[in-house]
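**Student:** need the 3D shape of this:
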Amino acid sequence: MGLFVRKPLNVLLSETEDHDASLKKTLGAWGLVALGIGAIIGAGLFSITGGAAANNAGPAITISFVIAALGCAFAGLCYAEFASMIPVAGSAYTYSYATMGEFIAWIIGWDLVLEYAVGAATVAISWSRYLHKFLEGFGIHLPNELMAGPWDGGIINLPAVFVVVLMSLLLIRGTKESAMVNGIIVALKVTVVLIFIVLGWGYINYANYDPYIPANEGNGIFGFSGIMRAAGIVFFAYIGFDAVSTAAQEAKNPGKDMPKGILISLVICTLLYILFAHVMTGVTSYKSFQGQDGIAPVAVAIEHMGKADANGVYHADYPWLNRAIIVAILAGYMSVILVMLMGQSRVFYSMSRDGLVPKIFSKVHPTYRTPSKNNLVFMLLVSLFAAFIPARIVGEMTSIGTLFAFILVCIGIIVMRKALPDAPRAFKTPLVPLVPILGVITCLYMMIALPPDTWIRLILWMIIGMDIYLTYGASHSKLGNGTFNRKGMKTAIVSGIVLCVLLFGSAWWHHYDLTQQASIATAKLSEAQAQQLPTVAELSAKAESISDTIKNDYLVEISNIIGIAHLIFFGYLYFKRKNQSQD
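**Tutor:** From the prediction side, this is the model:
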């Protein structure tokens with residue numbers, strides 16, 4: 001069989017039958033909704049919102065959330081049809097296998113690793129930072145060496161490792177128990193978000209919304225391009241709803257409950273996001289969030305919920321709210337990590353059953369009926385990421401990986417309607433092909449609006465995935481012929497070569513973008529110095545920061561080295577395959 005062999009629908013559905021070697025069906029509609037909210041409300045809302053408003057969109061961050069929500073809505077409608085039609089663990093990977101074939105399924109499955117595993121590590125690192133702030137409030141100071149990885153000034157991030165291990169062990173124990181804990185956490189953090197919105201509404205100063213859309217200062221910095229870049233960045237805040245679909249095989253009535261879980265969780269979180277961002281940028285100027293990290297954006301907003309004294313210093317009316325927000329973030333991040341680890345293990349569970357990754361990932365615990373060894377492997381891998389890798393860039397990597405997954409799901413609906421028009425569907429995406437096409441356009445636009453270095457990292461990740469598929473997955477596939485000599489292998493190898501070319505292009509784009517930023521910053525600094533404006537110091541610091549980034553940036557060199565090495569490797573595979581075909 002070729003690389004584009006599709007997995008028959010009847011085979012997929014047979015995998016949902018309840019037996020001792022299958023995943024246990026324990027989740028109802030509201031359990032799935034809570035699962036979605038648990039993953040959605042987290043780092044995106046509490047951390048990324050402030051930075052995206054300060055650096056990209058200004059008060060128009062609310063528009064960015066609406067645009068991101070539109071992309072999610074289009075994709076969510078497509079997810080809902082697939083989830084009701086193919087209620088199997090694996091999410092977009094499984095849907096792609098049924099519609100576009102094994103090679104595309106591998107691409108999307110590997111991309112989901114970027115979304116879930118790397119995303120879980122990112123959130124774990126942030127959880128560690130918030131724990132540090134929380135303990136400081138009680139006078140407890142943990143050694144910095146044990147609170148951060150080597151690239152962030154420490155040795156190892158132990159709290160991040162702790163929370164990953166804790167959530168992994170909970171997942172091994174069982175989905176029902178995990179869902180119960182998640183439900184409690186969801187109730188806590190939604191309550192805190194609602195308190196922030198209700199209390200903060202009375203402190204909104206409408207002067208902070210003027211201008212609502214700040215004048216453009218360069219590509220992705222305010223103006224319409226800034227709104228779109230912010231939409232791509234805050235998209236990280238929405239990645240949780242598709243994690244619901246990874247639990248399809250553990251839903252009691254997936255045909256009816258999966259669409260509800262996906263769409264209701266998306267609607268609830270979108271409304272909360274827009275209101276939260278509106279209050280956050282209303283109680284204080286979006287400029288107040290510049291240079292803030294971690295909990296600081298929310299803390300800054302809360303500090304302005306009060307009255308200013310004669311010196312212009314604000315005294316918060318609700319100082320206790322900061323502590324409550326920290327507790328909500330700590331609890332909320334735990335549920336995000338829980339759902340991401342669950343989603344990742346279910347994707348690899350499905351890939352393992354198809355033979356694309358080793359069998360260990362599909363072993364089910366005889367008592368708990370969870371993929372326990374799978375969970376243990378990713379507990380180790382995600383812990384290593386969280387312990388030693390910096391989290392500065394991984395949020396955007398997760399966003400671009402998710403957007404790519406959504407595009408393939410939207411395309412999959414169009415393909416499925418033509419390939420299997422009569423297959424039973426408990427839920428049908430309306431206005432096909434319009435809705436899927438709009439989903440593709442919206443998500444692709446947000447991908448393009450993301451910084452070019454994010455594209456470099458995505459392409460590097462996909463090249464690694466191509467290495468694994470061409471050397472292991474293609475020859476071990478259960479639907480393949482068990483050899484390297486499969487129809488379509490040349491297409492896969494050429495795809496790897498195309499990725500190398502795209503890597504070179506992205507590296508050039510990244511260098512050009514940094515150069516443009518430096519030119520704009522220098523011009524603004526010169527103008528401010530000529531007019532003796534009070535912003536000279538600020539603009540000088542910004543220009544110096546960009547200059548340092550260019551000096552210490554090695555992405556272009558790394559990309560070129562890896563690209564050339566892989567051009568040689570893929571060229572070798574191409575001629576090896578050509579010679580085998582002649583034999």
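**Student:** go ahead and confirm Gly76 touches Ile264.
**Tutor:** No - counting by CB atoms under 8 Å, Ile264 is not a contact partner of Gly76; they are 10.1 Å apart. In short, each C-beta sits where N, CA and C put it, glycine included.
**Student:** and the two? Which one has more around it.
**Tutor:** Comparing Gly76 with Ile264 by other CB atoms under 10 Å, the one with more neighbours is Gly76, at 27 against 18.
**Student:** which helix or strand contains the more buried one?
**Tutor:** Assignment of secondary structure by DSSP states H and E places Gly76 within helix 61-85.
**Student:** other SSEs contacting that helix?
**Tutor:** Judged by 3 or more CB pairs under 8 Å, 6 or more residues apart in numbering; DSSP states H and E, the packing partners of helix 61-85 are helix 49-52, helix 223-234, helix 243-246, helix 254-283, helix 394-419, helix 434-449.
**Student:** output the lowest mean pLDDT helix or strand found in this structure.
**Tutor:** Least confident element among the helices and strands of the chain, by mean pLDDT, DSSP states H and E: helix 43 (a mean of 62).
**Student:** before we move on, the earlier item: which parts of the helix holding Gly76 are buried?
**Tutor:** Buried residues in helix 61-85, counted by 16 or more other CB atoms under 10 Å: 61-85.
**Student:** give me the contacts around the helix or strand immediately after it in the chain.
**Tutor:** Moving toward the C-terminus from helix 61-85, the next helix or strand (DSSP H and E) is helix 92-99. The contact list for helix 92-99 (CB atoms under 8 Å, 6 or more residues apart in numbering) reads 6-9, 12, 79, 82, 86, 88, 90, 104-105, 107-109, 112, 242, 245, 347, 350-351, 354, 405-406, 408-409, 412, 415-416, 419.
**Student:** Provide a ChimeraX selection command restricted to the buried entries of those.
**Tutor:** Of these, the buried ones go into a single ChimeraX selection, burial set by 16+ other CB under 10 Å:
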select :6,7,9,12,79,82,86,88,90,104,105,107,108,109,112,242,245,347,350,351,354,405,406,408,409,412,415,416
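**Student:** out of the helices and strands packed on helix 61-85, nearest to Ala324?
**Tutor:** helix 254-283 (14.5 Å; CB to CB).
**Student:** where does pLDDT dip in the stretch 101-250 of the chain?
**Tutor:** 152, 174-182, 236, 239-250 (pLDDT under 70).
**Student:** tell me where it has helices.
**Tutor:** 102-136, 158-173, 175-201, 223-234, 243-246 (DSSP state H, counting those that start in this stretch).
**Student:** in this protein, which helix is the longest?
**Tutor:** Determined from DSSP state H, the single longest helix within the chain is helix 489-531.
**Student:** now the angle from it to helix 102-136?
**Tutor:** Between the axes of helix 489-531 and helix 102-136, defined by axes from the mean of the first three to the mean of the last three CA atoms, to 10 degrees, the angle is 40 degrees.
**Student:** which secondary structure elements does helix 489-531 contact?
**Tutor:** Helix 489-531 makes packing contacts with helix 102-136, helix 452-468, helix 536-551, helix 555-582 when contacts are defined by 3+ CB pairs under 8 Å, 6+ apart.
**Student:** from the contact counts, what lies against the longest one?
**Tutor:** Packing contacts for helix 102-136, counted by 3+ CB pairs under 8 Å, 6+ apart, involve helix 43, helix 92-99, helix 158-173, helix 320-353, helix 372-388, helix 394-419, helix 452-468, helix 489-531.
**Student:** any buried residues in the fourth one, and which?
**Tutor:** If you call a residue buried by 16+ other CB under 10 Å, then helix 320-353 has these buried ones: 321-322, 324-326, 328-353.
**Student:** so who does the residue nearest to Glu303 when sequence neighbours are not counted touch?
**Tutor:** Take Glu303 and drop its neighbours on the chain: the residue closest to it by CB to CB, 6 or more residues apart in numbering is Ala316, 5.1 Å away. Contact analysis of Ala316 by CB under 8 Å, 6+ apart lists 302-306, 322.
**Student:** same deal with His511?
**Tutor:** So His511 contacts Val556 (CB under 8 Å, 6+ apart).
**Student:** check Ile104 too.
**Tutor:** Residues in contact with Ile104 (CB under 8 Å, 6+ apart) are 4, 96, 408.
**Student:** look up how far Glu303 lies from the residue lying closest to Leu275 once chain neighbours are set aside.
**Tutor:** The spatially closest residue to Leu275, leaving aside those adjacent along the chain, is Ile197, at 4.9 Å (CB to CB, 6+ apart). Counting by CB to CB, to the nearest Å, the separation of Ile197 from Glu303 is 17 Å.
**Student:** now swap in Thr281 and tell me
**Tutor:** 14 Å.
**Student:** so which of these two has more stuff around it?
**Tutor:** More crowded of Thr281 and Glu303, by other CB under 10 Å: Thr281, with 28 against 20.
**Student:** kindly indicate whether the closest residue to the more buried one other than its chain neighbours is helix, strand or coil.
**Tutor:** With sequence-adjacent residues excluded and distances taken as CB to CB, 6+ apart, Thr281 is closest to Pro59, at 4.4 Å. Of the three states, Pro59 takes helix under DSSP: H, G, I helix; E, B strand; the rest coil.
**Student:** now do the contacts for Pro59.
**Tutor:** Pro59 neighbours (CB under 8 Å, 6+ apart): 53, 208-209, 211-213, 281-282, 286.
**Student:** quick one, which of the residues you listed are buried?
**Tutor:** 53, 208-209, 213, 281-282, 286.
**Student:** can you list these in JSON lines and add distance to Gly401?
**Tutor:** As requested, those are arranged in JSON lines below (distance: CB to CB, whole Å):
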{"residue": "Ala53", "distance to Gly401": "23"}
{"residue": "Asn208", "distance to Gly401": "34"}
{"residue": "Tyr209", "distance to Gly401": "33"}
{"residue": "Ile213", "distance to Gly401": "29"}
{"residue": "Thr281", "distance to Gly401": "28"}
{"residue": "Gly282", "distance to Gly401": "32"}
{"residue": "Tyr286", "distance to Gly401": "28"}
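**Student:** next, give me the two most distant ones among those residues.
**Tutor:** Farthest pair in those, by CB to CB: Ile213 and Gly282, 15.1 Å.
**Student:** how about low-confidence regions in the stretch 451-583 of the chain?
**Tutor:** If you take pLDDT under 70 as the line, the stretch 451-583 of the chain has these spans: 481-484, 580-583.
**Student:** just give the closest residue to Cys72, not the sequence neighbours.
**Tutor:** Nearest non-adjacent residue to Cys72 (CB to CB, 6+ apart): Tyr238, at 4.8 Å.
**Student:** look up how far Gly71 lies from the one you found.
**Tutor:** Taking CB to CB, one finds Tyr238 at 8 Å from Gly71.
**Student:** could you do Asn56 as well?
**Tutor:** For Asn56, the distance to Gly71 - CB to CB - is 17 Å.
**Student:** which residue is nearest the middle of the chain?
**Tutor:** Centroid-nearest residue in the chain, with CA atoms, centre = their mean: Thr398, separated by 3.3 Å.
**Student:** thought that residue was touching Ala120?
**Tutor:** No - using CB under 8 Å, Thr398 is not in contact with Ala120, being 9.3 Å away.
**Student:** now do the shared contacts for these two.
**Tutor:** Common contact partners of Thr398 and Ala120 (CB under 8 Å, 6+ apart): none.
**Student:** ranking the helices and strands packed on helix 61-85 by mean neighbour count, which comes first?
**Tutor:** helix 243-246 (a mean of 32; mean count of other CB atoms under 10 Å).
**Student:** quick one: low-confidence residue ranges for the stretch 301-450 of the chain.
**Tutor:** Residues of the stretch 301-450 of the chain that meet the criterion pLDDT under 70 lie in 368, 390-396.
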